[in-house]
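Peer 1: what's the 3D shape of this:
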Amino acid sequence: MDEIDALLNGPPKEKKRGRPKKDDPHPIKPFMGREKIILNAEPTSNPVHSILCYNILCQSYCKSYFFPTSDRKSLSWLYRKERIEKELLSYKADIMCLQEVDKYTNHWRHRLFKAGYSSCYKQRTRAKVDGCAIFYKTHKYYLVYEKPIELNNASIVGDLYDEEYMTDNVGIIAILQLQTQDKKTLTPCFPPSKADQQHVSRRYLCVVNVHLFWNPLYTDIKISQCHYALHQVKSYLNMTLGDEMSKHIPIVLCGDFNSLPNGEVYNLLTTSTTSIPRIIPEKKSTLKQINDIAWRVEHTRINDESGTSHGAVLISNPHGEGYVPGRSNVHFQEGYHEHATFKSELELYSAYHIANESEPPFTNFTSKFQGTLDYVMVGGVQDNPHQMNRTSPELIKIRCMLKTIDEKEAREHDALPSFKYPSDHIAMYCELEALPKQ
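Peer 2: As a prediction, the model looks like this:
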């Protein structure tokens with residue numbers, strides 16, 4: 001019996017006489033009973049990494065005020081901590097990228113270490129209680145380097161990104177090295193020598209875990225955070241590996257991006273470029289009020305003076321008065337162009353989109369919102385920015401992925417979280433084969 005089975009099921013016990021124990025109405029099955037979609041079952045000598053991406057929902061947010069349809073017991077820490085742990089271990093993933101992790105030091109680090117996982121963690125800044133964690137199987141990987149990312153350092157147009165608008169979001173970069181390759185035991189070594197460059201893609205994996213700002217009104221902040229995180233990955237790999245060798249290491253970027261598949265953040269991730277209008281409200285107080293009042297948000301489009309259409313947000317206050325960004329109530333930052341263009345030097349692909357030719361219908365399901373916000377991106381540093389291959393990643397092959405739950409199951413208890421699913425997000429899982437650099 002391995003560590004995970006022992007924690008899931010406990011040690012073997014002798015049968016005792018007496019009243020039979022009532023069955024758990026929501027038993028934990030392998031992979032939570034979700035269907036595994038096999039894309040490539042051929043045997044391979046290349047390394048295979050199983051990846052889990054999951055926003056486990058910070059306990060501080062588990063209030064009936066936020067989740068009115070959820071049973072109070074299902075929101076309690078006593079119930080959730082056991083449910084989350086059993087769900088995590090049911091996937092038996094090699095690497096787990098978790099967001100909204102609180103109680104890391106006094107709970108999760110020790111509990112998952114007993115199950116065979118080591119970890120690294122970055123807590124949100126300025127006394128926030130949650131953060132991003134990467135757990136990896138101790139017997140399979142060495143952690144040869146880690147780097148925290150503080151997204152408050154991201155730059156943004158204008159004067160909005162002062163202390164009042166710092167969101168304290170974070171991320172973390174981890175370089176993992178396989179402990180064995182071709183049945184040979186490896187010693188931890190980073191950076192590798194130039195003589196080992198041909199082995200980099202099959203020995204090392206760059207794992208990145210991020211959590212972007214939640215508010216749908218602040219697309220510019222989220223894009224800036226995403227761009228900053230991508231730049232940090234590229235700069236860090238260049239600094240440690242050099243320009244040429246950095247193109248040999250596979251990258252897995254997981255996270256809760258709080259952005260829909262048709263948005264600018266997703267566009268930046270999957271096409272390496274995006275552009276937004278440099279629209280700045282004349283009164284910062286307007287933005288602060290949006291956070292303080294339950295405003296209704298609708299996505300729409302506006303035309304600039306040239307007739308070009310741009311995505312915009314219609315903000316309706318409780319009195320029904322609309323606020324549409326336009327020439328009458330915004331101005332453009334003097335000295336800047338009217339559009340901000342963001343570019344990335346990473347070439348990334350959505351693992352779920354490769355497998356399904358579309359993103360899941362939702363990864364977040366509450367009584368007020370249902371949509372896809374979480375992604376597993378795979379790829380590497382751009383080899384040639386002018387000749388990018390936009391069909392599949394060069395260094396990674398998707399072997400299988402876990403199908404997300406359907407709406408009927410999500411609505412079994414009206415919405416998430418529920419007794420079966422302890423978070424308002426759905427865990428994403430895939431198995432990746434690391435390919436040699438051609």
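Peer 1: all strands for the stretch 251-400 of the chain, in order.
Peer 2: 251-256, 273-277, 280-281, 296-303, 309-316, 322-323, 330-331, 339-343, 346-350, 364-365, 370-371, 374-381, 396-402 (DSSP state E, counting those that start in this stretch).
Peer 1: contacting residues around the last one?
Peer 2: Just to be clear, that refers to strand 396-402. 31, 34-41, 48, 91, 250, 252, 351-352, 354-356, 378-380, 427-435 (C-beta atoms under 8 Å, 6 or more residues apart in numbering). For the C-beta atoms, the positions are set from N, CA and C on the backbone; glycine is no exception.
Peer 1: Which of those are buried? Put it as a ChimeraX command.
Peer 2: This is the ChimeraX syntax for the buried subset of the contacts of strand 396-402, where burial follows 16 or more other C-beta atoms under 10 Å:
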select :31,34,91,250,252,351,352,354,355,378,379,380,427,428,429,430,431,432,433,434,435
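Peer 1: Filter the contacts of strand 396-402 down to just the ones in helices.
Peer 2: 91, 351-352, 354-356 (DSSP state H).
Peer 1: Where does pLDDT dip in the stretch 1-150 of the chain?
Peer 2: For the stretch 1-150 of the chain, residues meeting the criterion pLDDT under 70 lie at 1-25.
Peer 1: residue boundaries of the helices in it?
Peer 2: Counting by DSSP state H, counting those that start in this stretch, the segments of the stretch 1-150 of the chain that form helices are 3-9, 72-75, 77-91, 109-114.
Peer 1: which one of these is the most hemmed in?
Peer 2: Sort those by mean neighbour count, taking mean count of other C-beta atoms under 10 Å, and helix 77-91 sits at the top with a mean of 18.
Peer 1: packing partners for that one?
Peer 2: In terms of contacts (3 or more C-beta pairs under 8 Å, 6 or more residues apart in numbering; DSSP states H and E), helix 77-91 is packed against helix 3-9, strand 48-55, helix 109-114.
Peer 1: Restricting to C-alpha, output the last one in PDB.
Peer 2: It stands for helix 109-114. Taking Å, rounded to 0.1, in the frame of the first residue of the first chain, the C-alpha atoms of helix 109-114 are listed here in PDB:
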ATOM      1  CA  ARG A 109       2.600  21.200   3.600                       C
ATOM      2  CA  HIS A 110       2.600  18.500   6.200                       C
ATOM      3  CA  ARG A 111      -0.400  16.600   5.100                       C
ATOM      4  CA  LEU A 112       0.700  16.300   1.500                       C
ATOM      5  CA  PHE A 113       4.300  15.600   2.500                       C
ATOM      6  CA  LYS A 114       2.900  12.500   4.200                       C
END
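Peer 1: Which elements pack onto that helix?
Peer 2: With contacts taken as 3+ C-beta pairs under 8 Å, 6+ apart, helix 109-114 sits against helix 3-9, helix 77-91, strand 117-123.
Peer 1: can you check the longest one too?
Peer 2: If you count contacts as 3+ C-beta pairs under 8 Å, 6+ apart, strand 48-55 packs onto helix 77-91, strand 95-101, strand 204-211, strand 251-256, strand 374-381, strand 428-434.
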